[in-house]
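A.B. asks: Quick check, what structure comes out for this input:
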Amino acid sequence: MAETTPHSLGAQTPRAMEGIACAVGGMAFFVVQDGMMKSLLQDYTVWQLILTRGVAAIVLLVPLILWFGRPHRLLTPLWRLHLLRAALLSSGFAMFYGAFPFMGLAEVSTIFFSAPLMIALLAALWLGESIGPHRIGALVVGFAGVLIAMNPGGDTFSWVAVLPLMCALFYAIAQILARRIGDRETTLTTALYTLVFSGLLIIPFGLGTNLLLSVPAEFHHLQFDWVLPRGGEILRLGIMGMIGIAGYMALTRAYQITSASLVAPFDYAYLPMASIMAYLMWDEMPGPATLAGMMLIIGSGLYLGYRELRSSRATLSPHPVAEASVAPGNPVAPMTVARDVDPD
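C.D. replies: The predicted structure follows:
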């Protein structure tokens with residue numbers, strides 16, 4: 001292995017700082033996108049908003065792929081894997097956004113951030129990734145934080161809290177499936193297929209939900225009603241879609257230029273930013289249970305990142321796949337899970 005000199009570390013520092021800045025900036029974009037989603041759900045359905053993101057992906061990403069050319073491609077033999085992931089992600093994020101009218105943004109997001117813990121667990125069960133006692137302990141603490149945040153035995157518990165938890169599970173399964181894609185696909189192509197397939201699949205999902213279930217009036221955002229946007233509303237919907245894609249591209253840049261293990265802990269910047277925005281926009285204040293659970297989830301996630309930094313696979317060189325991020329508004333990031341440092 002080549003020796004890492006102080007000079008080489010100094011040369012990597014600007015790229016590392018740029019990567020961290022892109023990661024935090026990407027999370028800020030996703031917070032704004034999800035805040036717009038929460039506001040738009042007063043007038044539009046979940047199905048229509050997810051479809052809007054797919055349309056925005058076509059408008060923005062198709063010209064980019066044509067402009068950059070190979071290795072990006074509009075036609076891919078991996079479309080079946082993209083379709084399967086899109087099915088999981090579109091249904092999962094429909095549940096995530098479906099919880100917005102009944103729960104605060106911070107509460108929904110805190111429960112969703114159990115996804116990194118589920119990914120680590122599923123990677124061990126399905127992919128044979130080795131996790132030592134340190135990571136097992138971190139997973140136990142993190143899942144304890146999820147239970148505390150959901151507060152199932154409390155007076156304020158609602159079964160709606162299960163929706164972001166199910167989204168986290170579907171997200172984790174989709175990211176494990178992404179391991180089969182690996183570096184055979186570029187970021188732009190993965191983004192295009194995932195977002196467009198999600199937009200298309202959400203139509204039968206929404207229709208099927210309303211045919212099988214009697215959706216009550218208080219769940220109007222889940223009813224299969226389509227509102228024709230006019231004037232400024234079209235611009236508002238377009239801005240929401242573009243902000244989401246901008247966040248995705250910022251995270252893409254972050255994971256392209258520096259180590260995933262260095263950048264990944266900054267994904268948790270989403271939670272405090274979401275809490276601040278929720279307070280400023282809707283006067284939402286996370287309860288003690290949510291705050292306690294949030295601290296445990298963040299702490300366990302940061303410790304898992306620390307263990308990954310210590311692993312032999314941690315490096316400041318760019319990762320071959322664009323990103324390994326977890327964010328509610330970022331459904332297309334291929335995940336990698338490093339093996340533990342040692343068995344102790």
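
A.B. asks: Can you show me the helices along the stretch 1-150 of the chain?
C.D. replies: Secondary structure of the stretch 1-150 of the chain, counting by DSSP state H, counting those that start in this stretch: helices at 6-40, 46-68, 79-98, 105-112, 115-126, 133-150.

A.B. asks: Highest mean neighbour count across the ones you listed, which stretch is it?
C.D. replies: helix 105-112 (a mean of 28; mean count of other CB atoms under 10 Å). The way it works is simple: take the backbone N, C-alpha and C, and place the C-beta from them, glycine included.

A.B. asks: For the protein, which residues score under the pLDDT cut-off?
C.D. replies: Along the chain, segments meeting pLDDT under 70 span 1-13, 129, 153-157, 182-183, 252, 255-264, 308-344.

A.B. asks: Stretch 280-297: end-to-end distance?
C.D. replies: End-to-end distance for stretch 280-297, by CA to CA, to the nearest Å: 24 Å.

A.B. asks: re earlier: with distance to residue 253 added, can I get the helices of the stretch 1-150 of the chain in TSV?
C.D. replies: As requested, those are exported to TSV (distance: least, CB to CB, whole Å):
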stretch	distance to residue 253
helix 6-40	5
helix 46-68	13
helix 79-98	21
helix 105-112	23
helix 115-126	21
helix 133-150	28
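
A.B. asks: can you tell me which of the ones you listed comes nearest to residue 214?
C.D. replies: Closest to residue 214 of the helices of the stretch 1-150 of the chain, according to CB to CB: helix 79-98, at 15.5 Å.

A.B. asks: On the three-state scheme, residue 214 is what?
C.D. replies: Judged by DSSP: H, G, I helix; E, B strand; the rest coil, the three-state class of residue 214 is coil.

A.B. asks: got the phi/psi numbers for it?
C.D. replies: Residue 214 has phi and psi values of phi -90, psi 100 when expressed as degrees, to the nearest 10.

A.B. asks: quick one: it from residue 223, how far?
C.D. replies: Residue 214 sits 10 Å away from residue 223, going by CB to CB, to the nearest Å.

A.B. asks: Which one's more surrounded, these two?
C.D. replies: residue 223 (16 against 7; other CB atoms under 10 Å).

A.B. asks: thought that one was touching residue 215?
C.D. replies: Yes. With contact defined as CB atoms under 8 Å, residue 223 counts as touching residue 215 (5.0 Å).

A.B. asks: quick revisit: among the helices of the stretch 1-150 of the chain, which comes closest to residue 205?
C.D. replies: Proximity to residue 205 (CB to CB) singles out helix 79-98 among the helices of the stretch 1-150 of the chain, at 5.7 Å.

A.B. asks: thinking again about what came up before, nearest to residue 229, of the helices of the stretch 1-150 of the chain?
C.D. replies: helix 46-68 (8.8 Å).

A.B. asks: Go ahead and name everything in contact with that closest one.
C.D. replies: For helix 46-68, the external contacting residues (CB atoms under 8 Å, 6 or more residues apart in numbering) are 37, 40-41, 72-74, 90, 93-94, 97-98, 188-189, 191-192, 195-200, 202-203, 205-206, 221-222, 224, 226-227, 237-238, 240-242, 244-245.

A.B. asks: Repeat that for stretch 275-292.
C.D. replies: Outside stretch 275-292, the residues that touch it by CB under 8 Å, 6+ apart are 31-32, 35, 38-39, 104-107, 110, 145, 148-149, 151, 154, 156, 294.

A.B. asks: 6 Å instead, please
C.D. replies: Applying CB atoms under 6 Å, 6 or more residues apart in numbering, the contact partners of stretch 275-292 are 31, 35, 104, 105, 106, 107, 110, 148, 149, 151.

A.B. asks: do you know how far the closest residue to the first one other than its chain neighbours is from residue 187?
C.D. replies: The reference is to residue 31. Spatial nearest neighbour of residue 31, excluding adjacent residues (CB to CB, 6 or more residues apart in numbering): residue 273 at 4.6 Å. As judged by CB to CB, residue 273 and residue 187 stand 23 Å apart.

A.B. asks: Residue 290 too?
C.D. replies: Residue 290 is 33 Å from residue 187, by CB to CB.

A.B. asks: got it, and residue 169?
C.D. replies: From residue 169 to residue 187 the distance is 24 Å (CB to CB).

A.B. asks: Next: residue 214.
C.D. replies: Taking CB to CB, one finds residue 214 at 41 Å from residue 187.

A.B. asks: ditto for residue 228
C.D. replies: According to CB to CB, residue 228 stands 33 Å off from residue 187.

A.B. asks: Please say which of these two ends up with more neighbours.
C.D. replies: Neighbour totals were compared for residue 228 and residue 187, and residue 187 leads with 22 against 7 (other CB under 10 Å).
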